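A.B. asks: Prediction below, plus the sequence it came from.
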Amino acid sequence: YDNNGVLDKNDFECLAVRNTIMEGNGGWDKDKYAKNKDVMINLWNQIADIADFDKNGEVDAEEFMGGVETACKGKSYDGLPEAFKFFIEGQFRTIDVDGDGSIGLEEFRLDCVSRMAYPTIEALDNAFKAIAEGGTLTLARYKELYAEFMSNPDEGCVACNLFGPLPVLD
């Protein structure tokens, strides 16, 4: 998250700050931060346990993919490591800006453009239509899709739309 090319404990501390600010719509809550930091450090520790194969305190892309595959492949949300579940639910809360318990089209668009650039609004809207049910994305559906994204190697699965239209890598 700090753009140094690898995951390390600092990335998860940065995510705790980011998530706290996003969940508070720009405000700061020390108690929420403490909880987010505990969750993020726990997530880092679990990721390091399953993916830091050379035990150097960093997880590179190859290690991460191997670790996620080992921990998540073929599993539903309920079968994921606990820290992954906390992370997924935290991500949902940061995207659900208005706090109504579901992600609408506008919230989805904001989340997507915060990570990548898109050539058309239709690309985003079509990705949302592919994952939404009744015009919204509930927490239950988000968890289901996130688990499918992590556990299914098929780059054409519906869950790949959860983060907006993703480019297919060769």
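C.D. replies: Looks like it came in fine.
A.B. asks: could you point out which element follows the host helix or strand of residue 71?
C.D. replies: Using DSSP states H and E, residue 71 sits within helix 61-72. Following helix 61-72 in sequence order, the next helix or strand is helix 82-95 (DSSP H and E).
A.B. asks: I'd like the next helix or strand past that next one.
C.D. replies: Defined by DSSP H and E, the subsequent element after helix 82-95 is strand 102-103.
A.B. asks: what about that following strand, distance to the chain center?
C.D. replies: Centroid separation between strand 102-103 and its chain, computed with C-alpha atoms, centre = their mean, to the nearest Å, is 15 Å.
A.B. asks: what inclination does the helix or strand following it have with respect to helix 82-95?
C.D. replies: Later in the chain than strand 102-103, the nearest helix or strand by DSSP H and E is helix 105-113. In terms of direction (axes from the mean of the first three to the mean of the last three C-alpha atoms, to 10 degrees), helix 105-113 departs from helix 82-95 by 120 degrees.
A.B. asks: residues in contact with the helix holding residue 71?
C.D. replies: Identification of contacts with helix 61-72 by C-beta atoms under 8 Å, 6 or more residues apart in numbering yields 6-7, 47, 50-54, 59, 80-81, 84, 147, 150-151. Heads up, the C-betas are built off the backbone N, CA and C, glycines and all.
A.B. asks: Same question for stretch 112-128.
C.D. replies: Residues contacting stretch 112-128 (C-beta under 8 Å, 6+ apart): 105, 108-109, 137, 161, 163-165.
A.B. asks: Kindly report the same for stretch 5-22.
C.D. replies: 1-2, 27-29, 32-33, 36-37, 39-41, 43-44, 47, 57-61, 64, 90-91, 93-94, 97.
A.B. asks: quick check: angle from the host helix or strand of residue 13 to helix 105-113?
C.D. replies: Using DSSP H and E, residue 13 sits within helix 9-23. Inter-element angle recorded for helix 9-23 and helix 105-113: 160 degrees (by the same axes, to 10 degrees).
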